[in-house]
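[1] just to be clear, the model below is a prediction. Sequence and coordinates:
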Amino acid sequence: MKRAASDIPATARRVRRLAPKRISIPDIADEIRAVLDFVALEDTVSCMLVCKVWRQEMLRRHPQLAVIGKLNSYQRKTLHHVKGYRVRNVIAMVDRKCAICSDPWRGGVNSAFGIPAHPACVRDRLVLVRHLPPHVPVQMMLSSIPNQDIDTYRYGVHTFKAIWKCAHDAIPRSWTLEGFMEDSADAIHAVNEARRLASEERMRMAAERRRVQEEQQRQWADDFKTAAAEARAPLRTIVGLKRLLPPGLIRRARVDSASETARRGLFLTRHFHGVPQSLWSTAFDAFDDATAIAVKRYADEIEAVLWPMAFAPGTDPRPWREFELVRHSDVAVIRTASQRGLDPARALRAILTLGPRRSALLLHAVCRDASGDEGFEGRIADIRRLGLCTAAGDFLSHCDFESGVRSYAAAKEFGGDGCYERWGDACFRWPTVAGGVAMPPPREPVPAPPRRFDLSSRPPKHRGTLWSTSKMKPSGKPHRAQQLP
């Protein structure tokens, strides 16, 4: 039984909706149609991508492009690269064929030349710019015709420019090397003529420079021969001088002046025998006979580490012969002493009296604080009287020298020569009473903390048992591991 219309609620009634009216696409304007009359055939594909109205107008003009809807998605993405013979290239894309070999090709468009083709087909028709003959103007050509980057993988990855060599139906002839050479023959001839004139000018200037240089060398050789003859030297040419001297010395003798070169060469041939190579700069710096003779005479009697100080300009090397067993650290100390205005030989003589257990850190500190040669020798005498070892001297270098010497002397009065091994760095903080009188040591002095790699502070090892640091048991008996056998 059907229900009456009045029984159906208002919310459940179906409302009939009218379909929207379709808006007809207006025809292309006459002004735009007039503009399209002047569009070249190669730009037809680009006009079809503007809108639907333009597409219909271009299809009306060129019905053969109606199959453009058959392009796949990858071809559509690269369609904007099409150039040159665009209609022919689009038809090749629709037919899924290569524009060069006509074999099946479903890929995109070559971005450099704007044709749908296999990459191998394009590569076979290209030539690298680096392989072109010299008369081809490369920069002019690359700015005029399309080119493509080619990667080569010999001894690494290298990228070179490549161009289309011979004419082909796939691209315009003016885009190829052959067409460029024919179309731009006059411009190429002008560029090559300018190159030839510039090259001739460079060659002329280079020949002039060589002529002037040869003339200067000839004049220098004549002056050298004259100067050597006046000095009665056993040579007449620079080649003979090179045969007599080592390579390191010939560079010291050769200067711009020919007469000075002859004088230096004669000096070096007389004195370079017997001079160590490390003293060449010292003996032959001023080209003085007295300096060279002193170096040859005293070099074997002086320690090698003292050569820079003994043979310094204005220094007498004879006092340096008495020093032996000199360390590199001692040389650094006397350099500091020389900078502070002290006599380096006198300072070294005082340093060597300390013996082999001297501290380089303490000597540097003494040099920095010394007021003169007497003050430096006085402090060296205080260090020698205390008999400081190397470790004690290193610690004293960080303290006040006067108070440190007094404290160590007080500790040595009670502990003897082994006070530093007994009390350690506490020797430099020894308590004193008024007047500088040292106080006696405590009844049980606290030993210094053990030093690194010092085995004297380790507990003794007993034969047949293991050492244990465990505490005593509550019963008062030692642990089993602590019992002796």
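    Great, that's in hand.

[2] spatially central residue for the protein, please.
    The chain has G156 as the residue nearest its centroid, 22.3 Å off, counting by C-alpha atoms, centre = their mean.

[3] list phi and psi for that residue.
    When read as degrees, to the nearest 10, the backbone of G156 gives phi 100, psi 180.

[4] ok, it to G393 distance?
    G156 sits at a distance of 61 Å from G393 (criterion: C-beta to C-beta, to the nearest Å). Glycine gets a C-beta too; all of them are placed from N, C-alpha and C.

[5] count of neighbours near R379?
    R379 has 22 neighbouring residues, counting by other C-beta atoms under 10 Å.

[6] so D223 sits against S259, correct?
    Yes: the criterion here is C-beta atoms under 8 Å, and D223 meets it with S259 at 6.6 Å.

[7] quick one: secondary structure of G107?
    Here G107 is recorded as coil under DSSP: H, G, I helix; E, B strand; the rest coil.

[8] wouldn't it be in contact with P116 here?
    Yes: using C-beta under 8 Å, G107 makes contact with P116 at a distance of 7.1 Å.

[9] what touches both of these two?
    Common contacts of G107 and P116 (C-beta atoms under 8 Å, 6 or more residues apart in numbering): Q75.

[10] which of those two has more residues huddled nearby?
    Just comparing G107 and P116: by other C-beta under 10 Å the higher neighbour count belongs to P116, 29 against 16.

[11] nearest residue to H168 other than its sequence neighbours?
    Spatial nearest neighbour of H168, excluding adjacent residues (C-beta to C-beta, 6 or more residues apart in numbering): R125 at 6.5 Å.

[12] what residues are up against the one you found?
    R125 makes contacts with 100, 164-166, 168, as judged by C-beta under 8 Å, 6+ apart.

[13] pick out the most distant pair among those residues.
    I100 and K165 (13.2 Å; C-beta to C-beta).

[14] more neighbours: which of those two?
    Neighbour totals were compared for I100 and K165, and I100 leads with 22 against 15 (other C-beta under 10 Å).

[15] quick one, phi psi at that one?
    Residue torsions, per degrees, to the nearest 10, at I100 are phi -100, psi -50.

[16] let me know the pLDDT of the closest residue in space to it that isn't next to it in sequence.
    Nearest residue to I100, sequence neighbours excluded (C-beta to C-beta, 6+ apart): C121, at 4.3 Å. We have a pLDDT of 93 for C121.

[17] does C121 touch C98 like I think?
    Yes: C121 lies in contact with C98 (C-beta under 8 Å); the separation is 6.0 Å.

[18] what about these two, which has more around it?
    More crowded of C121 and C98, by other C-beta under 10 Å: C98, with 21 against 17.

[19] list the contacts for the spatially closest residue to the more buried one that is not a sequence neighbour?
    Leaving aside its chain neighbours, C98 sits nearest to W105 (4.1 Å; criterion: C-beta to C-beta, 6+ apart). Residues counted as contacts of W105 (C-beta under 8 Å, 6+ apart) are 96-98, 116-118.

[20] low-confidence ranges, the stretch 301-450 of the chain, go.
    Within the stretch 301-450 of the chain, the set of residues satisfying pLDDT under 70 comprises 432-450.

[21] can you map out the strands along this structure?
    Secondary structure of the chain, counting by DSSP state E: strands at 126-128, 148-152, 158-164.

[22] which of these has the highest mean neighbour count?
    Highest mean neighbour count of the strands of the chain: strand 158-164, a mean of 17 (counted as mean count of other C-beta atoms under 10 Å).

[23] quick one: strands adjacent to that one?
    Here strand 158-164 has these sheet partners by DSSP bridges: strand 126-128 (antiparallel), strand 148-152 (antiparallel).

[24] show residues contacting the first one.
    Contacts of strand 126-128 with the rest of the structure, by C-beta under 8 Å, 6+ apart, involve 148, 150, 160-165, 177.

[25] gap between it and the chain center?
    In terms of C-alpha atoms, centre = their mean, to the nearest Å, the centre of strand 126-128 is set 37 Å apart from its chain centre.

[26] swap in the last one?
    For strand 148-152, the distance between its averaged C-alpha position and the chain's averaged C-alpha position is 31 Å (C-alpha atoms, centre = their mean).

[27] now that strand - C-alpha only, PDB.
    Output of strand 148-152 as PDB, limited to C-alpha atoms (Å, rounded to 0.1, in the frame of the first residue of the first chain):
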ATOM      1  CA  GLN A 148      76.300  19.400 -26.400                       C
ATOM      2  CA  ASP A 149      78.500  18.300 -23.400                       C
ATOM      3  CA  ILE A 150      80.000  14.900 -23.700                       C
ATOM      4  CA  ASP A 151      81.600  13.000 -20.800                       C
ATOM      5  CA  THR A 152      84.700  10.800 -21.400                       C
END
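
[28] can you list the strands of the chain in CSV and add mean pLDDT and distance to A350?
    Below are the strands of the chain laid out as CSV (pLDDT from 0 to 100; distance: least, C-beta to C-beta, whole Å):
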stretch, mean pLDDT, distance to A350
strand 126-128, 93, 78
strand 148-152, 90, 74
strand 158-164, 92, 70
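
[29] and the residue nearest to C98, how far is that from P146?
    For W105 relative to P146 (C-beta to C-beta), the value is 20 Å.

[30] next, count neighbours for Q213.
    Neighbour count of Q213, defined by other C-beta under 10 Å: 10.

[31] measure it to A206 for me?
    10 Å.

[32] overlap in contacts, the two.
    None of the residues lies in contact with both Q213 and A206 under the rule C-beta under 8 Å, 6+ apart.

[33] out of the strands paired with strand 158-164, nearest to R349?
    Of the strands paired with strand 158-164, nearest to R349 by C-beta to C-beta is strand 148-152, at 73.5 Å.

[34] contacts for that closest one next, please.
    Under the criterion C-beta under 8 Å, 6+ apart, residues 110, 112-113, 122-123, 126, 128, 157-163 lie in contact with strand 148-152.

[35] over to stretch 107-123?
    Residues contacting stretch 107-123 (C-beta under 8 Å, 6+ apart): 74-75, 77-79, 81-84, 86, 89, 92-93, 97-101, 103, 105, 146-148, 150, 164, 170-171, 175.

[36] now that we have those residues, which of them are buried?
    If you count burial by 16 or more other C-beta atoms under 10 Å, the buried members of the contacts of stretch 107-123 come out as 75, 78-79, 81-84, 86, 89, 92-93, 97-100, 105, 146-148, 164, 170-171, 175.

[37] now, the residues you listed that are in helices?
    Per DSSP state H, helices hold the following members of these: 75, 86, 89, 92-93.

[38] of those, which pair is most distant in space?
    The distance between the two most remote of those (C-beta to C-beta) is 13.6 Å, for Q75 and R86.

[39] now do the helices in the stretch 351-485 of the chain.
    Taking DSSP state H, counting those that start in this stretch to define them, one finds helices in the stretch 351-485 of the chain at 360-369, 373-386, 390-396, 401-415, 419-423.
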